[in-house]
Structure formats: C-alpha cells, structure tokens
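[1] coordinates only, sequence not included:
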C-alpha cells in the first residue's frame, strides 16, 4: 500500500505506511488540522499498537475535555468523539477488535468491485474515515489518494478504473451539477455521514453509470446498515443485531459497538446502544424516519425535519435548507418548526406552507421562516446553522 497526497499545485508526496518511524509516546493525540499529518500519525500509532486519541481541533468542548482527562488507565486502540451537535461530545473507546471486525464486513461488501485504489474526500479522525480510508485500503493492499482540497472536478479527474471513492452526499450532489459526464461502471462510490435521498441517488447512478453504497452508523455504534444503489430501505450489516423499543426507536447490539463510552464519566454499554432514531421495518430491512429530536407530527403521521429539507431543496432557488423543531415549554404554542433557507430569491411563508401542505399535509403548529446568507457544512458534510448569517427580515 502507498499513500499519495496531492497539493493544489499538483505536486505530490508518496508514503509507505509500513516504513514510517515509530512515535515514542504511550498515547498519540491526532487532530484534524492537517489531513496529511493525521493519516501518517494514525498509521504510525496503529501499526505499532499505540493508543491514539482522534479529535477535531476546532471543537472547543472536546479540547476542554482532553485537558481534564488523560485516559491513561483505559485499554483502547482509538478514542473518537461525536460532534456534540445534539449535546456534549461523547467519547467512544474503540478496541482493535471493534475496528478489525467492522473492516472485515466492509471488505465483504466492496471486494466484488475488484478495487485497485481508494480516493478519499473525508477527514481521517472520524470512524467513517478510519474504516474507509485507512483500514480498508491497508487490509486490501491498495493505494490511497487524497488532496488537501478536493473540488468536484478534481475528484472526477482523479478517478481511474476500479477506484473506490469515499465521500459524502455533499460531493455526490456537487458532481451531479457538473456538465462533464464519464462512464464509471467499474467505480464504486461510498457515501455516509448524512442521508442521500433516493431520487438524487438514482440521478447520480444514471448520470455516471456507476455503483453506490451508503452506510448508516455512528461513532458509538460503528456501522449499522447499508444501502446498495438507489435502495430506499436499509439492510443491516450481517454481524449487527437490531430491534426497536416500545417507541419504535432503534436498538443496536453489535461487535462494533464501543464497550466503553465517556459522557461526563465512564459508561459501559455491554456492546448494546439504544439510539434515538425512529425506524419502520419492512421484513428484515428498515426505513429511517428520523431522530426523535427531528420528528414532528402532521395528520397523525411522524415526519422528519430532513424530509422537509429534501422537499424545500427541490425548489430551483434553494441551495440548502436547514429545519429544526424548537420546543418552548410552558407556552401556548410550545412547538415551532423553524426553517432556514439559503436561497437566491425571496420565498414567502405562504409559499412554504402551500408546498408542505401539498407534500405532507397540514402542520398544526407555527412555522418560522428565515432566508439566510449561508448554511455551512462540517468537514463530514453535516449542515450547521450559524445564526449570525441570518439576513434581516
């Protein structure tokens, strides 16, 4: 295996992970400031059996947590953190067995595509990047290629026969906007971190005559399920046992689950996690309705804020939509659907109400609408609303 990194000026550097010098520390701290530095440190630590802590150096909550805890007495291979977007970050201790068993399942799913190279657009400090862009190419003995800054056109140009492209819905959608078309029938695109609506998946597969595999999982649970091509239902990964509780929230029992978490103290999981994802089963497969913090009811049915985002992003002028349910306890109208649109044109609340009524029925609580200058995305493609970007009404 070789690691090839390309700069914006097209100069490249190539590394052999097996020849990297050993870092002489018990615990290696790997941050997100440089993709090149992070992957070299990850390989140095992993191949020498050293503990490593992976973190986003822009997340102050995680940096504060690391200042106050050293984790020296805990047995683990990698410590990773949730983003903290729905609360404080959670630390997930991954054993070597967690990681190796999960990458075994990845190999089963991608091997039929006869992969010769991995191209990655994702950071390496998260579980998705570790599995897809570090352990997968290493175990398969194939090369990894990445750029410091990947533009959609650059990505398309870098793809060769039998490439596995590890990316996010953000890039999938950006590639769809390109005028250029290539026949990529021997290429596999892997996408994760956010949902990709089936209609977009179909358009992408048809435009490039290619293959698509989506993964659903989390830092704590590891991989849970996957979709092939434009499937609407998720198929559980073979080693993963899933069920639901009385509220139809997904429960995961898996060899990939971190046995120990850190949430203002240590918490044992017994390899089982109760998630906050509403799901509906159809036979052995399932549909994700949304997280319970993203769910609202209309006409007696549950809908996700993500569904509303998908509906509104079909509008020609809307580049991105960000929707959340805000709860005001004790007030007469304690539930508000807040909608933020990054749009090139003004859109009225009346128009939005009409669209949502047509698509999902009457929403019997207030809707707040703001047109914003920008809806940002994280390195992993998740939407983030910075409220200083809101345009004056």
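    Everything's here; your move. These numbers were taken from a predicted model, which means no experiment stands behind them. Numbers count the residues shown, from 1 in each chain.
[2] hey, where'd the strands end up in the stretch 251-393 of the chain?
    260-262, 266-268, 272-282, 285-291, 295-298, 301-304, 318-327, 335-343, 367-372, 376-377, 383-384 (DSSP state E, counting those that start in this stretch).
[3] could I get those as a markdown table with distance to residue 181 and mean pLDDT?
    The C-beta positions use only the backbone N, C-alpha and C, and glycine is treated the same way. Converted to a markdown table, the strands of the stretch 251-393 of the chain look like this (distance: least, C-beta to C-beta, whole Å; pLDDT from 0 to 100):
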| stretch | distance to residue 181 | mean pLDDT |
| --- | --- | --- |
| strand 260-262 | 45 | 96 |
| strand 266-268 | 49 | 95 |
| strand 272-282 | 34 | 91 |
| strand 285-291 | 31 | 86 |
| strand 295-298 | 38 | 72 |
| strand 301-304 | 32 | 74 |
| strand 318-327 | 22 | 86 |
| strand 335-343 | 27 | 88 |
| strand 367-372 | 33 | 90 |
| strand 376-377 | 25 | 79 |
| strand 383-384 | 28 | 74 |
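[4] winner for burial among these?
    Among the strands of the stretch 251-393 of the chain, strand 335-343 has the highest mean neighbour count (mean count of other C-beta atoms under 10 Å), at a mean of 20.
[5] how far away from the center of its chain is it?
    With C-alpha atoms, centre = their mean, to the nearest Å as the basis, strand 335-343 stands 22 Å off its chain's centre.
[6] now it against strand 318-327, angle please.
    Angle, strand 335-343 to strand 318-327, by axes from the mean of the first three to the mean of the last three C-alpha atoms, to 10 degrees: 160 degrees.
[7] tell me the contacts of residue 156?
    175, 178, 180, 182 (C-beta atoms under 8 Å, 6 or more residues apart in numbering).
[8] my bad, should have said residue 208
    175, 181-184, 187.
[9] buried ones only from the residues you listed, please, as a ChimeraX command.
    Buried residues among the contacts of residue 208 (16 or more other C-beta atoms under 10 Å), as a ChimeraX selection:
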select :175,184,187
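[10] picking that back up, of all the contacts of residue 156, which comes closest to residue 275?
    Residue 275 lies nearest to residue 175 out of those, by C-beta to C-beta, at 30.2 Å.
[11] buried set for the helix ranked longest in the chain?
    Looking across the chain with DSSP state H, the single longest helix is helix 96-110. By neighbour count on 16+ other C-beta under 10 Å, the buried set for helix 96-110 is 98-99, 102-103, 105-106, 109-110.
[12] nearest to residue 27, of those residues?
    residue 99 (16.8 Å).
[13] quick one: average pLDDT of the host helix or strand of residue 207?
    Using DSSP states H and E, residue 207 maps to helix 198-208. When pLDDT is averaged over helix 198-208, the result is 96.
[14] what about residue 359, neighbour count?
    15 (other C-beta atoms under 10 Å).
[15] low-confidence ranges in the stretch 151-300 of the chain?
    Judged by pLDDT under 70, the stretch 151-300 of the chain has its weakly predicted residues at 293, 297, 299-300.
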